[in-house]
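> Would you be able to build a 3D model of this:
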Amino acid sequence: MAGPVVVGYLVLVEPAKKVFSAFPEGGGPAVRRRGHAHHARRRASRLSHTGPLPSGAARP
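Residues are numbered from 1 along each chain as shown. Prediction:
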């Protein structure tokens, strides 16, 4: 019972995957990653600011 289903799948679906695949074998598009300096700046940004501190700021 399962044999014809498997054969049908292999005959119909596997070739279609090759035809309609978005990227050729070997991977997809190049992915740009941001470096360590960018991540460090993002993390430090909440601890530093460019303007003066507001007067009367509550301190924990």
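> Against which helices or strands is the helix ranked longest in the chain packed?
In the chain, assigned by DSSP state H, the helix with the most residues is helix 2-20. On a contact count with 3 or more Cβ pairs under 8 Å, 6 or more residues apart in numbering; DSSP states H and E, helix 2-20 meets no helix or strand. In this view, the C-beta of every residue, glycine as well, is placed from N, C-alpha and C.
> any idea how far it is from the chain center?
Helix 2-20 sits 30 Å away from the centroid of its parent chain (Cα atoms, centre = their mean, to the nearest Å).
> what is the mean pLDDT for it?
Helix 2-20 shows an average pLDDT of 87 in the prediction.
> which residues are contacting that helix?
Residues outside helix 2-20 that contact it (Cβ atoms under 8 Å, 6 or more residues apart in numbering): none are found.
> Pull out the buried positions in that helix.
Within helix 2-20, no residue is scored as buried using 16 or more other Cβ atoms under 10 Å.
> and if you look at stretch 35-42?
Going by 16+ other Cβ under 10 Å, stretch 35-42 has no buried residues at all.
> still on that earlier bit, just how off-centre is the following helix or strand past the longest helix of the chain within its chain?
Where DSSP states H and E defines the elements, the next helix or strand beyond helix 2-20 is helix 36-45. Between the mean C-alpha location of helix 36-45 and the chain-wide mean there is a distance of 19 Å, by Cα atoms, centre = their mean.
> average pLDDT for helix 36-45?
Here the average pLDDT along helix 36-45 is 89.
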